[in-house]
Each structure stands twice: as structure tokens, then as C-alpha cells.
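K.L.:
this one's sequence-less:
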């Protein structure tokens with residue numbers, strides 16, 4: 001299995017940043033999500049985040065909300081998320097699940113960690129789980145052998161950054177801006193400073209997400225971060241495509257552009 005540690009070690013040896021792509025399970029369809037994520041890996045993504053569709057997406061902007069709504073309309077459930085992880089893990093990429101806490105809590109935290117590991121997943125990103133409340137989840141995850149990734153923001157103080165990174169394994173997710181997800185014309189200037197602050201507190205890789213959507217932006221972020229996270233730009237390509245086949249082709253094209261960016 002490809003772990004996050006091996007991904008970042010390889011990227012470091014290649015003198016580049018890792019490319020992390022996000023796509024919700026069940027979007028554009030249950031099989032289409034596996035096909036699209038596989039195309040992303042084949043075109044250069046090192047890590048895939050599979051989103052767990054949820055009806056109250058606090059952090060998600062309109063593009064991801066539209067994709068999640070379609071996934072829920074398609075009847076996507078946690079079992080489908082696990083099947084998606086299993087399918088994408090066969091590509092050899094490291095596969096995470098990004099989810100809000102409520103679905104894990106309802107499913108059963110220990111069971112979720114165990115089932116994710118059995119599906120080939122290597123970790124989770126839980127944007128609304130605070131470090132003060134994460135102890136049991138971190139224990140269940142460690143027992144299952146999966147990583148836990150938490151978020152820091154431009155507003156995070158040094159004590160807050162320390163509290164968050166102390167709970168992180170795998171990498172630290174640095175949100176480049178205050179707000180919801182979505183590709184933007186430029187990456188927030190706060191991102192580089194946030195990465196520097198994180199590195200004072202941890203030796204873990206620091207990945208930047210929110211706002212990256214082009215190869216040029218990926219190259220910019222790769223100049224100071226260990227990983228570049230892209231989600232909305234991939235989803236927008238699929239939403240704008242006339243059919244799944246066309247969406248697959250344009251997602252592959254974007255992944256190749258971003259992969260070239262992180263290697264620039």
C-alpha cells in the first residue's frame with residue numbers, strides 16, 4: 001500500500017511538491033467517481049481525497065456543494081464511499097477520505113476507521129473536528145493504522161497551530177484563506193506565511209488547499225508547500241462537461257497540467 005509517508009518521501013526525492021486531488025464519492029456517478037479519480041492518478045495525482053457526501057457541508061463552496069448534491073441524489077452512502085476508496089486504491093495512489101464528523105459519529109468511529117483501513121484507505125481529513133475533541137478518533141485511527149489530518153487557517157494563532165499539528169499525522173492541511181472552497185484567480189498571499197508558521201511547530205509535510213485551479217497556481221504553491229490540494233477545479237470540469245466521457249477527458253487534462261505545475 002502507498003502511504004502518505006512514502007508519497008512525500010518520493011516527492012521530496014524528486015524535488016517537487018505532491019499533487020493531491022479531491023472528488024466526492026458518487027459524483028458524477030458511483031462508477032464515474034472511480035473512473036475520474038483513476039484518470040487523475042494516471043495523469044499525475046499522488047494522493048486522492050474522496051469526499052463523503054454530506055447534507056450540511058460547512059466548508060464547501062457552491063461548486064463542491066453542487067457535486068455533493070448530485071452524489072446524494074445518486075443515493076451515495078458510506079458503503080459506496082468505502083467501495084470508491086477500494087477502487088481508487090487499486091491505482092497505487094494514497095487515498096484519504098475527507099468528511100465532516102457527524103457521518104463518522106453516526107456510523108461508529110471505531111468501525112469507520114477499521115472499515116476504511118480494510119478498503120485500502122490511508123487516512124482521513126476531518127475539517128470540523130477540533131483537536132480538543134479528537135482524542136478518541138485519533139486513538140481509533142492509530143489502532144487501524146490510518147493517518148489523521150486536521151486544518152489550520154490564516155487566522156490560527158501559534159498556540160492553535162501547535163494544538164492542531166499535535167493531532168496530525170500524515171500531513172497538515174493549510175487552508176489558504178478564510179472562506180469556503182473554490183478555485184480563484186489567485187492564491188491567497190497568506191498561504192505562504194501560514195506554511196512557514198506551521199513549520200516552526202512540526203516536521204510533518206504541509207499541504208495548501210483552497211483556491212488552486214491552474215498549473216501556474218500549482219507551481220506557485222509548490223514553491224513553498226510540500227503538497228498542493230485541488231478540488232473545485234476538477235469538479236467544475238465535470239460539471240461543465242456534456243457527458244461523463246467528456247468530463248473524464250477534461251479531468252485528465254487538468255491533472256496533467258497541475259502535475260506539470262508541481263514539477264516546475
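P.N.:
Great, that's in hand. Please read these numbers as outputs of a predicted model, since none were measured by experiment.

K.L.:
Next, the buried residues of stretch 150-159.
P.N.:
Applying a neighbour-count criterion of 16 or more other CB atoms under 10 Å, the buried positions in stretch 150-159 are 150-154, 156. In this view, the C-beta of every residue, glycine as well, is placed from N, C-alpha and C.

K.L.:
Kindly check the end-to-end length of it for me.
P.N.:
Taking CA to CA, to the nearest Å, the span from the opening residue of stretch 150-159 to its closing residue is 15 Å.

K.L.:
and that stretch, what's its mean pLDDT?
P.N.:
With pLDDT averaged residue by residue, stretch 150-159 scores 94.

K.L.:
got the contact list for it?
P.N.:
125-127, 129, 131, 134, 160-161, 164-165, 167-168, 172-178, 188, 190-191, 193-194, 197-198, 200-201 (CB atoms under 8 Å, 6 or more residues apart in numbering).

K.L.:
Buried ones among those?
P.N.:
By neighbour count, with 16+ other CB under 10 Å, the contacts of stretch 150-159 hold 125-127, 129, 131, 134, 161, 164-165, 167-168, 172-177, 188, 190-191, 194, 197-198, 201 as buried.

K.L.:
list the buried ones in stretch 7-20?
P.N.:
7-8, 11, 16-20.

K.L.:
tell me the two of these that are most distant?
P.N.:
Farthest pair in the buried residues of stretch 7-20 (CB to CB) is 16 and 20. Separation: 12.9 Å.

K.L.:
quick one: residue 95 is in a strand?
P.N.:
Yes - looking at residue 95 with DSSP: H, G, I helix; E, B strand; the rest coil, it is inside a strand.

K.L.:
so who does it touch?
P.N.:
Counting by CB under 8 Å, 6+ apart, residue 95 makes contact with 47-50, 85, 88-89, 120-122.

K.L.:
Dig out what it forms beta bridges with.
P.N.:
Judged by DSSP bridges, the bridge partners of residue 95 are residue 48.

K.L.:
before we move on, what about residue 206?
P.N.:
Following DSSP bridges, residue 206 is listed with bridge partners residue 172.

K.L.:
and residue 255, how many residues sit next to it?
P.N.:
25 (other CB atoms under 10 Å).

K.L.:
which SS class is residue 194?
P.N.:
Taken by three-state DSSP, the conformation at residue 194 corresponds to helix.

K.L.:
That one touches residue 176, doesn't it?
P.N.:
Yes - counting by CB atoms under 8 Å, residue 194 touches residue 176, with 7.4 Å between them.

K.L.:
Identify the contacts common to these two.
P.N.:
Between them, residue 194 and residue 176 share the neighbouring residues 154, 208, with contact defined by CB under 8 Å, 6+ apart.

K.L.:
tell me the pLDDT at residue 182?
P.N.:
You'll see residue 182 listed with a pLDDT of 42.

K.L.:
for the stretch 51-200 of the chain, what spans make up the strands?
P.N.:
Under the criterion DSSP state E, counting those that start in this stretch, the stretch 51-200 of the chain contains strands at 94-98, 123-125, 147-149, 151-152, 172-175.

K.L.:
Take the ones you listed and write them to JSON lines, including distance to residue 32.
P.N.:
As requested, the strands of the stretch 51-200 of the chain are exported to JSON lines (distance: least, CB to CB, whole Å):
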{"stretch": "strand 94-98", "distance to residue 32": "17"}
{"stretch": "strand 123-125", "distance to residue 32": "22"}
{"stretch": "strand 147-149", "distance to residue 32": "26"}
{"stretch": "strand 151-152", "distance to residue 32": "28"}
{"stretch": "strand 172-175", "distance to residue 32": "26"}
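
K.L.:
quick one, which of those strands is nearest to residue 209?
P.N.:
Between residue 209 and these, the shortest separation by CB to CB is 6.1 Å, and it involves strand 172-175.
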